[in-house]
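# Give me a 3D structure for the following:
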Amino acid sequence: MQDIFTYTMLLSIISFTVASSFTPGPNNIMLLSSGLTFGYKRTLGHIFGIVIGFPLMVIAVGFGVGAIFERYPLIYSILKVAGILYLLWMAWHIAKSKGDISIAKEKNNKPFTFIQISLFQWVNPKAWIMAVTATTSFTTAGDYFFMQVLIIALTYSLVCLASSHMWVLGGVFLQKFISNESRVRIFNISMALLLVLSIVPILFE
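Prediction:
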């Protein structure tokens with residue numbers, strides 16, 4: 001392991017993944033809202049969409065997807081527009097989530113699925129920043145490059161598992177204080193607005 005990463009570099013990777021995964025962003029905003037509205041069990045698909053989907057994206061970026069975007073900026077621009085539209089759709093989905101907790105747990109009011117969240121990672125601006133920064137800052141050219149990318153992806157998977165649970169359980173905890181229809185609806189609209197605000201940095205990029 002020391003040949004692949006020094007202990008100092010490993011500590012830096014862990015610190016970066018923890019800081020970037022636990023801080024607020026589109027994924028965590030949606031997890032908090034889903035935990036409050038749908039509870040823990042119905043948000044598991046959402047959790048694993050991040051835990052599996054994002055590390056796969058890190059691997060793809062490390063293995064050359066980022067270079068493709070640099071060579072063909074039009075592809076990146078198209079993805080950027082798609083990301084903005086998808087974020088707006090997700091914000092609308094959150095805002096219209098029914099306020100009554102008991103109603104929200106019915107099957108006709110569905111949380112985001114594993115597939116939806118896995119695909120969302122590819123249009124999530126914070127996810128791109130995290131993936132590109134990690135794969136460019138903590139890898140070196142040479143025989144160990146691919147192994148380094150895989151270790152970064154695995155680290156993210158483990159850290160995202162912990163951070164996703166923290167945000168979802170935070171939402172579940174809020175059920176004790178935000179239990180009536182109007183309060184849950186106001187909370188979800190607030191989360192939707194925060195999600196929309198996360199688009200602003202992309203517009204001025």
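# show me where pLDDT drops low in this protein?
1-3, 66, 69-70, 98-108, 198-205 (pLDDT under 70).
# Centroid-nearest residue for it?
Against the mean C-alpha coordinate of the chain, by Cα atoms, centre = their mean, the closest residue is N27 at 3.5 Å.
# Which strand or helix spans it?
helix 26-38 (DSSP states H and E).
# Buried ones in the very next helix or strand once past that helix, by neighbour count?
Next helix or strand after helix 26-38 toward the C-terminus (DSSP H and E): helix 44-60. Within helix 44-60, the residues scored as buried using 16 or more other Cβ atoms under 10 Å are 45-55, 57-60. All C-beta atoms are positioned from the backbone trio N, CA, C, and that covers glycine.
# do the same with stretch 141-154
For stretch 141-154, by 16+ other Cβ under 10 Å, it's Q148, V149, L150, I151, I152, A153.
# circling back to that earlier point, could you list every helix and strand that the helix holding N27 packs against?
helix 44-60, helix 73-95, helix 101-104, helix 114-120, helix 125-137, helix 145-174, helix 181-197 (3 or more Cβ pairs under 8 Å, 6 or more residues apart in numbering; DSSP states H and E).
# tilt between that helix and helix 125-137?
140 degrees (axes from the mean of the first three to the mean of the last three Cα atoms, to 10 degrees).
# CA atoms of helix 26-38 as CSV?
The C-alpha coordinates for helix 26-38 follow below in CSV (Å, rounded to 0.1, in the frame of the first residue of the first chain):
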residue,chain,number,x,y,z
PRO,A,26,-27.5,18.4,-3.9
ASN,A,27,-27.2,14.7,-2.8
ASN,A,28,-27.3,15.5,0.9
ILE,A,29,-30.2,18.0,0.6
MET,A,30,-32.2,15.4,-1.2
LEU,A,31,-31.3,12.7,1.4
LEU,A,32,-32.4,15.0,4.3
SER,A,33,-35.7,15.6,2.6
SER,A,34,-36.3,12.0,1.7
GLY,A,35,-35.5,10.9,5.3
LEU,A,36,-38.1,13.2,6.6
THR,A,37,-40.7,12.5,4.0
PHE,A,38,-40.3,8.8,3.4
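# residues in contact with L44?
L44 makes contact with no residue, according to Cβ atoms under 8 Å, 6 or more residues apart in numbering.
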